[in-house]
Each structure stands twice: as structure tokens, then as C-alpha cells.
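Peer 1: sequence unknown, structure follows:
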């Protein structure tokens, strides 16, 4: 056990690298959050954007800055921290690679953001062709992806070094999890890199006139679904391996956690067609296959739910809890490091259930392109994931800056989490309901020529504006807490919680670290799910489309 | 007498600190929630298409 160099503190040089990522992430929270507030206000029908700012422009800001920038930067900073903590301080070379990656991502982010703010790239965060952005927008996104690969390389180098130094040993759980997420991210981003470099960049530069829309959308969703698991797995790292330590309990099973992460690596990628169930050009049999694989991802998510409940119950019973749910009372509800991520876990129950509806082939017709889907991913990424990230920031930021989470900040953090829960219940609940009544997503306010059906949606749009405004207050509160923890909280030692397994003598099978095997199966599944559909899409392609700028 | 002993033994077993009956109930709750939502939207689908 001593073999793993579990240090009490993350080295300050690694801490600076991680914090650089978190600063960008929280600036993104402010910008993206403000755009979100403006959107719900516009959609209420009571507010118009000033100064010729377009709805689709702020919609693009919101999606790109929160969905791509906040998440990627936070995740990279978080993963660097957990690897430094559990596998040891980065070497000078590894850290330099990390910094190079950070700057490439940051330059790319600024380039893409400037193009969006200049209204040259109002193509939403999915940047679907044939909407055509300025080429610098695509170039910026490419740099964000390449930068994230470079930061990922630092994590892979550290893992490889650890394995060389500890032959025959299983790697520390959090390092293993960060590695799985990094590998999945690299395999997944090949799809978005391919569509941007081969299709969208040459087309936006005018080197080619037309683009194969179906191929670009398919490559996007080859990346787009594992993207949501790239967001989710760091939250699962906190749930599996950190929350048990915060509550004073144990990780229910180290092997189960590793196995669920391996299943995510295998099944997260060959599932993109469930976003394209209503698109022509893809044979229904291949859609069916990818729906089956999508349902396979339900298994590791339910394993996670089981494991978390088991950790909580085992802890509660060790404290003398009685009855079926007595253990719930023993959990540390006054500790924001636990309670805020717990709200996220609860949100993941309706979020996951909604996802199963979305992925069911025929039922997708009920909700496709409605605002139900927006409600769905505001429960997954914008509640389950983000509240877990906030919960991690409450100890990670002061740990890295040599400060302490004070009682006052903890209290504010609890208020922040509660406000988020209330705001999201209104906003996401109203989005789900309006979606079932047919309200479209991705669209500015309209009464659709006085249509009776569109009139039914208006009360829900008001509810979304109320919820969104409460969420914006929660965002301001979160930024206040972040700035306090980064710059003003009293100096001290904040614990970096790393859970221990309930039965440490039970070693996980070494086969979990056999990357040739797991990456091999991943690639085989991808080839199986995608090869023939791609041949169909290319061979039977309709004439390509020229670019459109509809904003 | 024997009967009473048996009863108290069973009770000890249920209150065992390693019991995961709450976990079982919780995951069943999630399962039912998923099924109820799915069936609800399924009937909406049948109704509309």
C-alpha cells in the first residue's frame, strides 16, 4: 500500500497548472451563465436583446462556453490534480507538456470566442453543417481539441511512469479513472477532428464549395455522445472515490468502480446514432444496433447507483443506523462537499431515465428537437455534473491555493446548491413539460403566427425564465465562493479527500490495466458500428451543400 | 421459549451492520422510476403516431 506515493498535498507547481485551468473554467461560467440568463428572458417573450445582438449568437456563446470550455478546462484541471495526488508529482517534462496543452486550449478558446462575439460563428455548439462559421472558429475548436490531447499526454506519461516504477501493481484508483477518461476522450475527439479538418475548415476557407452534411453530422455525434461521458466520468470519480472519504466511509468496491469505467470506455463511443434516429441516410438496422449499445451504457450507470447507495448505507449502519432508510440520517448534510454533489446524484435519476426515453428509437419521435432534450441535458451536465464539479471545487481550490473552506463559505455553498436545485426544478421541469407539448428547442421567441399550440408553451417559457434567473443568482454565488477560496480565504491546509476501499485486501484483477485489450475491443466495436453506415453515407451521398449564414 | 429465541436471532440478522436492504430498495426505486417514465412516454407515442 505504501508503494503508491499518496502525498498529503498536491505539489504547488502542479497546483498552479491545475488552477490555471480552473480560472478559465470559472470565467467561462460567468460568460456562459450570463448568456443563459439572456436566453431564458428572450424566450419568455417579455424581453428583447439590445444593440442588435442576436438570439442565436448568445445561444452559441452559452453552448460553446459552458458545454465545451467550462467542462473541458475544469476536467483537465481536476484530472491533473487527482493524478498528481495519487500517482505522484509530475516531472518537469510532464508539467511542461501540461502547460503547453493549457496554452493551446486557451488560445483556441479565445479565437473561437472572438469569432462568436463578432457574430461570425452563430452556428450553435453543435456547429451543424450547412451552417457555416468563419474558418477561425473551426481553427479555434481544433486548437482546443489538440490542447486537450496535449494535457492528456501529460496524464498518460505520468501513468506510464507509475506503471514502470510499480510493476505488477494496480494503479491508484483515481489515476486509473483519469486515464480511462483521457483515453476515451482521445478516441472520441478523432471524430470531431476529422469533420473539422477534412470537411469544415476547407469548406469555410472556400477551398471546396460543398460539404456532405450527413457525414459531418455523423462524425460530430461519433464525438458528441462520448463527450457527455467525458463530462460525466470525472463526476463519477468524485462519487466513487472521493465522496466516501468526505462522509467518513469507504469505497464499496474498488474492482466494481474500475469495471464500470472500463464499460464506459467500451460503450460510450459506438452509440452516436441515437442522436440521429430521425435522420435519413442511415439504415434502421444500424440505428437499432447503436440503440442496443446505448442501452449497454445503462449497466455501468446502474452499477454506479448501486455502489453509491451501498457506500452510504454501509457507512450509516456502521454508525448504528437502523431500519430501511435510517442510514440517510447519518450522512453529513451540513457539509457542502457532500451535499452539493449529492443534489447532483439525485438529479441524475430523472436525467438518466429521460435519456433512456430519448434513446428509444420510436419514442425519440415524441421528443426529438423539442425543448425536452434541453431540459434533459440541463439535468445531466448542468446539474449532476456541474454541481459535482462545484462540490469538488469547495475543497480542491483551497487545497491548491493553500487556504481553507470556512464555515461561512460552507454555508454559502449549501445555499448555492439549494438555489441551483430550486432553479433547475423550475427550468428543466418546464422544459420537459413544454417539450412533450411540442415546443421546439434552439429557437428564439415566436408566437408562430398566433398558433393555439404555441400559446400553450408560453406559461412554461415564463417558468423557464424564473428558473433561469434563480440559476443565475446561484452562478453569481458560486463565483463569489470561488474567488474567496482562490484569493481571500484564510491560509491553512484543506484536505484532499481520497477514499479507501472497504476491503483493501481484495485486489482488482490486473486485466483491468491491459490497455491493448480494452482499446482493441473499443476500436472493434467502433468499426463494427460505423464502417458500413459510413460507406453508405459516402457512396449514396446526395449532392453536397453550400454554406449558409442564416444569422 | 425456543420460538422466542428464533425470533430474536432473526432480528439480529436484519439489523446486521453489513445489511444492504436499503440499497436494494433504492435501486428498485430507480428501476421503477425508469419504467414509469418510459411507459408514460411510450403511451404518449402510441397516442400520437
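Peer 2: Alright, I've got the coordinates. If you're wondering where the values come from, they're calculated on a predicted model, not measured in any experiment. Numbers count the residues shown, from 1 in each chain, chains lettered A, B, ... in the order given.
Peer 1: who touches residue A:14 in this structure?
Peer 2: A:80, A:81, A:84, A:89, A:90, A:95 (C-beta atoms under 8 Å, 6 or more residues apart in numbering or on different chains). Where you see a C-beta, it was placed from the backbone N, CA and C, and this is true even at glycine.
Peer 1: widest-spaced pair of those?
Peer 2: The distance between the two most remote of the contacts of residue A:14 (C-beta to C-beta) is 12.6 Å, for A:81 and A:95.
Peer 1: neighbour count for those two, which is higher?
Peer 2: residue A:81 (25 against 20; other C-beta atoms under 10 Å in any protein chain shown).
Peer 1: what about the more buried one, distance to residue A:101?
Peer 2: Separation of residue A:81 from residue A:101 (C-beta to C-beta, to the nearest Å): 15 Å.
Peer 1: before we move on, what about residue A:32?
Peer 2: 22 Å.
Peer 1: how many other residues sit next to the residue of the stretch 51-200 of chain A found nearest chain B?
Peer 2: Using C-beta to the nearest C-beta, residue A:173 is the residue of the stretch 51-200 of chain A that sits closest to chain B, at 20.5 Å. For residue A:173, the neighbour count with other C-beta under 10 Å is 25.
Peer 1: which bits of chain B sit near chain A?
Peer 2: Within chain B, the positions lying close to chain A (C-beta under 8 Å from any C-beta of the partner chain) are B:15, B:17-23, B:25-27, B:30-31, B:33-34, B:37-38, B:41-42, B:44-45, B:48-49.
Peer 1: apply the buried test to those and list what passes.
Peer 2: When neighbours are counted using 16 or more other C-beta atoms under 10 Å in any protein chain shown, the residues of chain B next to chain A contain these buried positions: B:19, B:20, B:22, B:23, B:26, B:27, B:30, B:34, B:37, B:38, B:41, B:45.
Peer 1: out of those residues, name the ones that lie in helices.
Peer 2: Among those, the residues falling in helices (DSSP state H) are B:22, B:23, B:26, B:27, B:30, B:34, B:37, B:38, B:41, B:45.
Peer 1: need the pLDDT of the third one.
Peer 2: When you say that, I think you mean residue B:26. Residue B:26 carries a pLDDT score of 95 in this model.
Peer 1: isn't it up against residue A:310?
Peer 2: No: in terms of C-beta atoms under 8 Å, residue B:26 does not count as a neighbour of residue A:310; the distance is 9.3 Å.
Peer 1: now do the shared contacts for the two.
Peer 2: With C-beta under 8 Å, 6+ apart as the test, residue B:26 and residue A:310 reach no residue in common.
Peer 1: neighbours of residue A:503, how many?
Peer 2: 13.
Peer 1: just say helix, strand or coil for it.
Peer 2: Secondary structure for residue A:503, judged by DSSP: H, G, I helix; E, B strand; the rest coil, is coil.
Peer 1: for residue A:334, give me its contacts.
Peer 2: Under the criterion of C-beta under 8 Å, 6+ apart, the neighbours of residue A:334 are A:410, A:414.
Peer 1: residue A:482 now?
Peer 2: Applying C-beta under 8 Å, 6+ apart, the residues contacting residue A:482 are A:22, A:26, A:393, A:397.
Peer 1: which element is the second one on?
Peer 2: Secondary structure here is read from DSSP states H and E; on that basis residue A:26 sits in helix A:12-44.
Peer 1: go ahead and name everything in contact with the helix or strand that comes right after that helix.
Peer 2: Beyond helix A:12-44 on the C-terminal side, the first helix or strand identified by DSSP H and E is helix A:55-62. Helix A:55-62 is contacted from outside by A:31-32, A:35-36, A:38-39, A:42, A:49, A:113, A:116-117, A:119, A:121-125, A:442, A:444-445, A:551, using C-beta under 8 Å, 6+ apart.
Peer 1: for helix A:55-62, the distance to its chain's centre please.
Peer 2: Distance of helix A:55-62 from the chain centroid (C-alpha atoms, centre = their mean, to the nearest Å) equals 19 Å.
Peer 1: so that helix versus helix A:12-44, what angle?
Peer 2: 160 degrees (axes from the mean of the first three to the mean of the last three C-alpha atoms, to 10 degrees).
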